[in-house]
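S.K.: below are the sequence and a predicted model for it; my questions follow.
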Amino acid sequence: MQEREQIIHALLDFGEEFLISGAEISRVEDTMNRIGMAFGAQKMNVFVITSHIIVTISWPDGASLTETRRIRRDTDNDFVKLEELNALSRRFCASPFSIHEFGQRLSRIRGIHSSRRDVLFGSVLVAFSFALFFGGNIADAVAAGAVAVFIFWMQTYIQPICLNTISFTCSASFLSGFLISLLTFLLPFLHRDKILIGDIMLLVPGIMFTNAFREVLLGDTISGVLRLLEAVLLAAAMALGIMAAMWLAGQLF
Amino acid sequence: MTKTVIQLAAGAFGSAGYALLFHLRRRYILPAMLGGIIGWGCYLLSAYCFGGIFLPTLLAGFFTDLYAEILARTFRAPSTPFFITSAIPLFPGSTLYYCMDAIVRNDLSKAGSYGRTTILYALGIAAGMAIAWSLCDFQRKLAGLRRTR
């Protein structure tokens, strides 16, 4: 009995990690079903939405076990983790190993994180490239890259103490919008629109929109609508922050 | 011409930036950059041929997703990471900004026009991706059926 409880816990841990890493709902459900069957279940019932997982495992002796998991963490796309979890499920379904080993491999994968240096460099590269992409000059791109460092700093230190992602996005957009307006006021040769657009690409919930459409297309309407609503709220929060900064800058400078 | 080259190169580096942000494996970064070039190249080419916004973005979304599916099968990995990093240059950051700017300046007709353009971009990418994704899923299921027979 104890082993069965371990299995359902490991399965929920796997599902949560897979979902948070950026897997689609249908992929999480399908993979959890397959792993459960490979553990020896006779029937699996898995229901996943962006904030919740419910699993019922029916065993060949007629016993069944149900457990739920509330997901409180926001999606934190980590594609190395996603790929490793996918590979773990493939390997396990091809030739199942013990629950102990499954748990060990899972906790090793859970320890994978991108380095802060990569995230910082990625943020600067995105802002720099898109400022150029949308018609800015090199000076605008460098300024956008510098503001990206400020956004990275806020993501590292301010986001954990913010109420939620929406309030963080609104405040980060406001502060970076104001900083860019101040920068272009002090250095008039810079173009405010190009710098702001470069940095908006870091805050815009474009990926969430794409995933929302993907979920709806895959038949997971509830999750699709949840993600879409979240993306619209985030975009509105971002717009509100930036518009407030532009308005304030217009009044001050 | 110079503008196009700068845009394609900047789009590729933007994709690489997102690949770093989302912890894509190092060996996939070059394919992701190529994906950024393919996506934006398709958009520019079809915008030149057909004009408008919706159809070019739809075609760009379609070919980007097709490219991501090919990469996913080549590397035996999920396609989402490849699609997301390749589609980044198509996201309508600039029209979204100009829409907000017009709202602040109280120019509501311009705000409406930029807002509509932003939505058209988003819908175009989603529709193109949806068509490619459905076709690939259909092909996968057909292959599965053939294997079980």
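M.R.: Looks like it came in fine.

S.K.: CA only for contacts and neighbour counts going forward, please
M.R.: OK.

S.K.: buried sites along the helix or strand containing B:Cys49?
M.R.: Remark: B:Cys49 resides in helix B:29-50, with elements defined by DSSP states H and E. Buried residues in helix B:29-50, counting neighbours by 16 or more other C-alpha atoms under 10 Å in any protein chain shown, are found at B:29, B:31-44, B:46-47.

S.K.: could you do stretch A:140-159 as well?
M.R.: Within stretch A:140-159, the residues that qualify as buried are A:140-152, A:154, A:159, counting by 16+ other C-alpha under 10 Å.

S.K.: distance from the chain centre to the helix or strand that the helix holding B:Cys49 is followed by, please.
M.R.: Sequence-wise, the next helix or strand downstream of helix B:29-50 (DSSP H and E) is helix B:54-75. Put simply, helix B:54-75 sits 7 Å off its chain's centre (C-alpha atoms, centre = their mean, to the nearest Å).

S.K.: in helix B:54-75, what counts as buried?
M.R.: By 16+ other C-alpha under 10 Å, the buried positions in helix B:54-75 come out as B:54-69, B:71-72.

S.K.: just stretch A:24-36 next, same as before
M.R.: Buried residues in stretch A:24-36 (16+ other C-alpha under 10 Å): A:24-29, A:31-36.

S.K.: just the mean pLDDT for it, thanks.
M.R.: Averaging pLDDT along stretch A:24-36 gives 94.

S.K.: now A:Thr156: how far from A:Ile166?
M.R.: The gap separating A:Thr156 from A:Ile166 is 16 Å, by C-alpha to C-alpha, to the nearest Å.

S.K.: which residues of chain B lie near chain A?
M.R.: When proximity is defined as C-alpha under 8 Å from any C-alpha of the partner chain, chain B approaches chain A at B:6-8, B:10-11, B:13-25, B:77-78, B:80-81, B:84, B:89, B:91, B:93-94, B:97-98, B:100-101, B:103-104, B:122, B:126, B:130.

S.K.: can we see that at 6 Å?
M.R.: Applying C-alpha under 6 Å from any C-alpha of the partner chain, one finds that chain B approaches chain A through B:7, B:10, B:14, B:17, B:20-25, B:93-94.

S.K.: what subset of the residues you listed is buried?
M.R.: B:7, B:10, B:14, B:17, B:20-25, B:93-94.

S.K.: how about these in TSV, adding distance to A:Ala212 and secondary structure?
M.R.: What follows is these, written out as TSV (distance: C-alpha to C-alpha, whole Å; DSSP: H, G, I helix; E, B strand; the rest coil):
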residue	distance to A:Ala212	secondary structure
B:Gln7	28	helix
B:Ala10	27	helix
B:Gly14	22	helix
B:Gly17	23	helix
B:Leu20	22	helix
B:Leu21	20	helix
B:Phe22	18	coil
B:His23	21	coil
B:Leu24	21	coil
B:Arg25	24	coil
B:Gly93	18	helix
B:Ser94	22	helix
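
S.K.: let me see the residues that make contact with the lowest-mean-pLDDT helix or strand in chain A.
M.R.: The helix or strand with the lowest mean pLDDT-type score in chain A, counting by mean pLDDT, DSSP states H and E, is helix A:206-217 (a mean of 81). With C-alpha atoms under 6 Å, 6 or more residues apart in numbering or on different chains as the test, helix A:206-217 has contacts from A:224, A:227-228, A:231.
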